[in-house]
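Chemist: curious how this folds, go ahead:
(6 chains)
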Number of protein chains: 4
Amino acid sequence: MAYEKRPDSSRRSERSRTAILDAAMAQVAELGYQKTTIEGIAARAGVGKQTIYRWWRSKGEVLFDAVEMSIEEGAGAVEGEEPALPDTGDIAADLKTVLRATVDEFTDPRLGPVLRALNTEIQIDEALAERNRTRSLEPGWAAYEARLRAAQEAGQIDADADVRTVVEMLTGPLTYRWLFQTGPLTHAYADTLADMTLKAVGRD
Amino acid sequence: MAYEKRPDSSRRSERSRTAILDAAMAQVAELGYQKTTIEGIAARAGVGKQTIYRWWRSKGEVLFDAVEMSIEEGAGAVEGEEPALPDTGDIAADLKTVLRATVDEFTDPRLGPVLRALNTEIQIDEALAERNRTRSLEPGWAAYEARLRAAQEAGQIDADADVRTVVEMLTGPLTYRWLFQTGPLTHAYADTLADMTLKAVGRD
Amino acid sequence: MAYEKRPDSSRRSERSRTAILDAAMAQVAELGYQKTTIEGIAARAGVGKQTIYRWWRSKGEVLFDAVEMSIEEGAGAVEGEEPALPDTGDIAADLKTVLRATVDEFTDPRLGPVLRALNTEIQIDEALAERNRTRSLEPGWAAYEARLRAAQEAGQIDADADVRTVVEMLTGPLTYRWLFQTGPLTHAYADTLADMTLKAVGRD
Amino acid sequence: MAYEKRPDSSRRSERSRTAILDAAMAQVAELGYQKTTIEGIAARAGVGKQTIYRWWRSKGEVLFDAVEMSIEEGAGAVEGEEPALPDTGDIAADLKTVLRATVDEFTDPRLGPVLRALNTEIQIDEALAERNRTRSLEPGWAAYEARLRAAQEAGQIDADADVRTVVEMLTGPLTYRWLFQTGPLTHAYADTLADMTLKAVGRD
DNA sequence: GAATAAGCGAGACGGTACGTCCTGTCTTGAG
DNA sequence: CTCAAGACAGGACGTACCGTCTCGCTTATTC
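Modeler: Below you'll find the predicted structure:
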């Protein structure tokens, strides 16, 4: 059995943790993801490098947490709360609401670039990819799928449509435009995607 | 007026060029994109570092060319030929043909990882992004759009549908699954995407 | 007046003290003086780092004590006893006895290397140097000088010779060979030094 | 056969070499040997750390060369010239001349401390010790021994005295006083040592 | 056919960041 | 209070690459 010494997280300094995450966001904002270094984050946070290496394994992980903290602060989200789509009874309206929110997040001048960089890092770092899937993507899909299944039960969309594929038809094109910057990322585009996708699974 | 000396490409050593591109592919295959270095490529190719820096501006550019060379070798493609979708008259079948081919390229064990890494680099290096758009993405879209417009004229799909959005509904989800590794990338999935998208723009 | 809090030595753990000194000797034996660290000693002794820093100011001090303990254990010396040279009436024989003992100590495979390393540290740490002079060197000289003065009174050596210089002529070359490893450190060499030195101060 | 890549010394930058040695001496003068770091030397010399590690294996080696350069500059010594003792025919006077010079070197406020630190390092670093023996000590001894043999042939000292031991009786006590700072290091002391040693080997 | 000038292999150079190690201080909880 | 444990800020270590540079060598014109 492989033995590996782990730090005692009960004695972790909250002050350092926060300082590091703040410094990480600030460095990325100023220098961009590539030129942000662990050394730079440590210096800016007034922290020893080892304190970063003790709790994170890479720059990517630090920024993953930093972004998470930023989003939670902004949203005032309750810890551990599962995300959910609104359910007004109008499936089209509800999808548009959440897709527009996604557009807003992607185009946010503060978060957008970091998110893009992290999605980059995911291509290379399998640990980060796994974390992204379980902490970020899957909760989002679950929320979409729950709302879509409600719509199926309400007879608003085909009962036999694969909800997972529907989710991908909604978020795939949006993410594609965002990552490759191949077209404007607007609320109108979000609406179009919702409308067209619903047409593909609508009962007519 | 800024003056910049450019190397005389007529005196360029073809032997070195090929050795570098081969070495680059080999290094990525062995070590992965991240751990591949210009120094390593040079050493493996038996070439001075300057010879790489003289002709390329970054590791990304080298690999971009290396991949291009790999694909051309494999496909035996004629230089400068515009790609085009087949037109059998059956729009669904034609779309499936090309989407399946894309699936095959993405899942190719040799090319896939490099392509994914390059899509990473694109997020950071604007020159590379531009090059990717003009040399890779746009010719692809143009081919899709041409075929879709033909289908519109044939009355097979809605005449007022925005072909660009349709292209994104086809390739967006596919690329998403590929980049984030969130589900199996199969021919069946390609077919489903084609069918659902056509349903969204079908005439009823 | 500067105030400095000192630990209460009456509550000091003898168990820890011994464990630290043993661990220190063991680490030096295994890794050499340079690679021995306070952290390593603490870990090996099963002791907190602070317990070392509370009672010693440097690695050098710890090892000074550790060596002292080792020597006392070996010699079974009575605490506080002043060292003295034998006085058989034969000055040459007596000097040879003690010089040979010094040779034995220097060439002891366990103590030798640590002693050499400590002589290193003395060059840098004035507190340690002072301690070395008063606890180690001066008692030794005093013993030599007492014996030499007895020899002067007995008319065996020049009455006007400077005993301090004579001591240095005996121990200087020995220490030199030991520190710089410039020649074999043998009983024969010790004897030669005694004989030649006595010739220099002999009455003719 | 072990293969180890060695740098090409014909392409070595003399400018960097000199800058490093100068910076090393300056750092030691300002901070002392212990607080002098390779990083600090590199920064002060305006040189990359690797340039130091490429040509030297340790701080000690750098300073060994730095001191050597300092001495040569001071002495205006011809490269590769063997040191030799003066030979005026008066062995006592000649020995005093060179012992006094050694005293002067040891007490030189600029060189002394570095020399002491290096003699420290020698206790620990066998490579450095070897180098010290062959480049520093042995040439010195050879010079002494040559002069002493001449004196033997001239009938000034015992023909059967071991010249090596005589050298050690001259330099050993001097070095001892210097390293352990156990007494004043003066010309008078040098003279006493010469006189007493000669008395030990004199023909009377 | 010699002279000139480019590309080339090689690798030293000034730098920057890496990830590790250790220092000496501080904090926590057990005895 | 001392102690074991170990997190912390700090800083040097020695390594790996970066992108630039300089050195001879090989080639290919150009005179």
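
Chemist: count the neighbours of A:Gly40 for me.
Modeler: Look at A:Gly40: counted by other Cβ atoms under 10 Å in any protein chain shown, it has 17 neighbours. C-beta: built from backbone N, CA, C; applies to glycine.

Chemist: gap between it and A:Ile20?
Modeler: Separation of A:Gly40 from A:Ile20 (Cβ to Cβ, to the nearest Å): 11 Å.

Chemist: ok, now which ones touch the residue lying closest to A:Pro83 once chain neighbours are set aside?
Modeler: Excluding the flanking residues, the one nearest A:Pro83 by Cβ to Cβ, 6 or more residues apart in numbering or on different chains is A:Ala143, at 4.9 Å. By Cβ atoms under 8 Å, 6 or more residues apart in numbering or on different chains, the contact set of A:Ala143 is A:82-85, A:98.

Chemist: out of those residues, who's the most crowded?
Modeler: A:Val98 (21 neighbours).

Chemist: close enough to count as contact, it and A:Pro83?
Modeler: No - A:Val98 lies out of contact with A:Pro83 (Cβ atoms under 8 Å); the separation is 9.3 Å.

Chemist: which stretches in chain A count as helices?
Modeler: With helices called from DSSP state H, chain A shows them at A:14-31, A:38-45, A:49-55, A:59-75, A:91-107, A:111-121, A:126-132, A:138-153, A:163-180, A:187-201.

Chemist: need the winner for burial among these.
Modeler: The highest average neighbour count among the helices of chain A, using mean count of other Cβ atoms under 10 Å in any protein chain shown, belongs to helix A:163-180 at a mean of 22.

Chemist: the residue nearest to A:Thr175 when sequence neighbours are not counted and A:Leu118: what is the separation?
Modeler: In this structure, A:Thr175 finds its nearest non-sequential neighbour in B:Tyr176, 5.5 Å apart by Cβ to Cβ, 6+ apart. Distance from B:Tyr176 to A:Leu118, counting by Cβ to Cβ: 15 Å.

Chemist: ok, back up a step: would a markdown table of the contacts of A:Ala143 with distance to DNA strand E and pLDDT be doable?
Modeler: Shown next, in a markdown table, are the contacts of A:Ala143 (distance: Cβ to the nearest atom of the strand, whole Å; pLDDT from 0 to 100):
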| residue | distance to DNA strand E | pLDDT |
| --- | --- | --- |
| A:Glu82 | 31 | 69 |
| A:Pro83 | 32 | 77 |
| A:Ala84 | 37 | 83 |
| A:Leu85 | 38 | 86 |
| A:Val98 | 36 | 94 |
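
Chemist: of these, closest to A:Lys35?
Modeler: Each of these was checked against A:Lys35 using Cβ to Cβ; the closest is A:Pro83, at 32.3 Å.

Chemist: residue contacts, that closest one?
Modeler: By Cβ under 8 Å, 6+ apart, A:Pro83 lies in contact with A:139-140, A:143.

Chemist: just the pLDDT for the residue nearest to A:Pro83.
Modeler: Per-residue pLDDT puts A:Ala143 at 93.

Chemist: also A:Leu63?
Modeler: So A:Leu63 comes in at 95 (pLDDT).

Chemist: any idea how far B:Met69 is from it?
Modeler: 34 Å.

Chemist: with that, I have no additional questions.
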